[in-house]
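I would like to see how this sequence folds:
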Amino acid sequence: MNKNKTFKILLVVISILVVYKIVDYYVTDKVDAYLKTQPLSYDAVSVNLLLGNITLKNVTSVKDSLQFTTEKLEIEDVSYYQYLKNKSVSVGNLKMLNSKITGKLISKETKKEDSTSQSKKASLDLKIDNIQFENIEIDIIKNDNFPLTVQNISFEMNGFELDDIQNKTIPFLYDHIEVSISNFETQFSKVQKVKFSKLNFEKDNLTLDSLEILPLKSREEYIYHVSQEKELMTLFSEKVVISDIIIEEKEKLHVSVNHVLFDEVFFNLYLDGTVLEHPNIRKDLYSKSLRDLPFNIDVKNVDIKNSKIVYEEYIIENNKPGILIFDKLQAQISNINNSSDKATKLTTAKIQSNFMEHCPLDIEWTFDINNKNDNFRITGSLFDVNSKNMSSFLLPTMNVKMDGYIDKMYFDFEGNDFASNGKLNLDFKNFNIKVLEKDKTKNKVLSWLANLFIKDSSKNGIVKVETENVERDTTKSFWNFFWINVQKGLQNSLI
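Predicted coordinates for the structure are as follows:
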């Protein structure tokens, strides 16, 4: 190769490099000018025209009362070919590192757009092969004026494709997603907050570690910080596992789950009923609440293991709270499905527990979510209930003490949203009722009258009774309705 030819080649290479640098500088300047028209600021921008990469450092964006900052934002492998040919934006990788969201969420009224405006709305054709957000911290005030904090969120999504042309609930498609959240905490009322230590979502499976609902006020104070009578909750679950989650959008959003596990749950409900009146607000049965969800749900199986529920009512001032304890609780629930075309109609819950720590309790409860009368059936058995177990709730809440022993109790109740009928079979021994004065001394006259009306057959032996047209108090829960049925059966068996 002669010197002249070598010089020409070198000249061409230098010319290409010069042109490239000029174009690269020009494109960088244009990108910088465009970004400055957007609601964000940054310390530096760099563009690699050859590779299609854009990098921003120390980015800040403010919208309304929220501020977003990130140490580095990288956009890699932008396809010029797709943009020139199809006017679509195709990106290889989008990365963000060490980001933080602070400020306050402000709720805004959403205005419905008519079909004409929807058709005129331009749709952005955007595809991103891989999205990675590492180390996102959140410290905001929600639109209910309560705080929400997250120590760390890491997020990765593959095969992202924007799909906003049909105004869907989820306006994008994806192939795979992974999320990790550490130390989430938010307040949801003046008296309660919820937190968890770790959330992992990977391969359509979600795991929650150390889920907690905690009181922010004491039992003595909380009732003065709520607008209506309600329970104070304390919950701790060692682990929650949700398997095989599928989210689809057909006519409306459809959420399908193969299995849910709650392991080692402690749930305490405390009600102070001495200050506020019971609210005259309707409480729907579970079937109606599930039927009226704004999306379709299909949960095939739920397991609750190694758990404990404690319910306490403070009804009479200066008395101790009445208490009901269900420990060693295991439950299996199947077919939580509100689709009208489901193959299996009935939702079934089977529950095993020790009532008051010593009395074996078994329950089978079935209902059809799509039955608009909210028909249900609940059957079961309870064994070995002594006077201490019976009086632990009745004595503090009604000043009534029961002596005796329930060897066996079998129940079978059928009902709907309005009323119920059922059967109760009991085996009593040495049954006696004591009605106490406010100072806890025995009211001999009322106790004598109460025992006078107790059937002789109920003091010892087996009693079989039926309950008819037990009316439901629609301001109270399903479990209150169940208890009213048991209570009615006891009254019919005793008096």
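
the stretch 51-200 of the chain: helices as residue ranges?
80-86, 115-120 (DSSP state H, counting those that start in this stretch).

now the stretch 251-400 of the chain
Using DSSP H, counting those that start in this stretch, helices in the stretch 251-400 of the chain cover 286-291, 387-398.

between those, which gets nearest to E468?
helix 286-291 (22.3 Å; Cβ to Cβ). C-beta here means a position set from N, CA and C on the backbone, and glycine is covered the same way.

buried ones in that closest one?
Y286, S287, K288, L290, R291 (16 or more other Cβ atoms under 10 Å).

for the first one, which non-adjacent residue is closest in space?
I take that to be Y286. Leaving out its chain neighbours, the residue that sits closest to Y286 by Cβ to Cβ, 6 or more residues apart in numbering is F478, at 6.1 Å.

residue ranges in this protein under the pLDDT threshold?
Scanning the chain with the threshold set as pLDDT under 70 gives 1-37, 50, 80-84, 108-124, 164-168, 394-395, 397-402, 431-461, 491-495.

thinking again about what came up before, can you lay out the buried residues of helix 286-291 as CSV showing distance to L276?
As requested, the buried residues of helix 286-291 are exported to CSV (distance: Cβ to Cβ, whole Å):
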residue, distance to L276
Y286, 25
S287, 29
K288, 26
L290, 29
R291, 30
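
closest to Q330 out of these?
For the buried residues of helix 286-291, the nearest to Q330 is Y286 (19.3 Å; Cβ to Cβ).

how near is that closest one to N386?
Distance, Y286 to N386, using Cβ to Cβ, to the nearest Å: 32 Å.

count of neighbours near Y270?
Applying other Cβ atoms under 10 Å, we find 19 residues neighbouring Y270.

make CSV out of the helices of the stretch 251-400 of the chain and add distance to E414.
As requested, these are exported to CSV (distance: least, Cβ to Cβ, whole Å):
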stretch, distance to E414
helix 286-291, 14
helix 387-398, 25
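
so for I131, which of those sits nearest?
Here helix 286-291 is closest among the helices of the stretch 251-400 of the chain (Cβ to Cβ), at 33.9 Å.

so how far is the closest one from its chain's centroid?
Centre-to-centre, helix 286-291 and its host chain are 15 Å apart (Cα atoms, centre = their mean, to the nearest Å).

tell me what that helix is packed against?
Other helices and strands packing on helix 286-291, by 3 or more Cβ pairs under 8 Å, 6 or more residues apart in numbering; DSSP states H and E, are strand 359-368.

CA atoms only for the strand it packs on, dumped as PDB, please.
C-alpha atoms of strand 359-368 as PDB (Å, rounded to 0.1, in the frame of the first residue of the first chain):
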ATOM      1  CA  CYS A 359     -62.200 -27.200  73.800                       C
ATOM      2  CA  PRO A 360     -61.900 -28.800  70.400                       C
ATOM      3  CA  LEU A 361     -63.900 -26.800  67.800                       C
ATOM      4  CA  ASP A 362     -64.600 -27.900  64.200                       C
ATOM      5  CA  ILE A 363     -66.500 -25.800  61.600                       C
ATOM      6  CA  GLU A 364     -67.500 -26.300  58.000                       C
ATOM      7  CA  TRP A 365     -69.000 -23.300  56.300                       C
ATOM      8  CA  THR A 366     -70.200 -23.100  52.700                       C
ATOM      9  CA  PHE A 367     -71.700 -20.300  50.600                       C
ATOM     10  CA  ASP A 368     -72.200 -19.300  47.000                       C
END
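
what comes up buried for it?
Neighbour counts using 16+ other Cβ under 10 Å place C359, L361, I363, W365, T366, F367, D368 of strand 359-368 among the buried residues.

and the residues you listed as a markdown table, adding distance to S391?
What follows is the buried residues of strand 359-368, written out as a markdown table (distance: Cβ to Cβ, whole Å):
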| residue | distance to S391 |
| --- | --- |
| C359 | 13 |
| L361 | 18 |
| I363 | 22 |
| W365 | 27 |
| T366 | 32 |
| F367 | 32 |
| D368 | 38 |
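
ok, so of the residues you listed, who is nearest G404?
C359 (13.9 Å).

could you pull up phi and psi at the residue nearest to Y286?
phi -60, psi -40 (degrees, to the nearest 10).

that one reaches D284, doesn't it?
No - contact criterion Cβ atoms under 8 Å: F478 and D284 do not qualify, at 9.2 Å.

neighbour count winner among the two?
F478 (21 against 15).

distance of that one from S287?
Distance of F478 to S287, given as Cβ to Cβ: 9 Å.

shared neighbours of the two, which are they?
F376 (Cβ atoms under 8 Å, 6 or more residues apart in numbering).

what about G322, how many residues nearby?
Per other Cβ under 10 Å, the neighbour tally for G322 reads 21.

isn't L276 right up against E229?
Yes - counting by Cβ under 8 Å, L276 does reach E229; the two are 4.2 Å apart.

quick check: neighbours shared by those two?
Residues touching both L276 and E229 (Cβ under 8 Å, 6+ apart) are I223.
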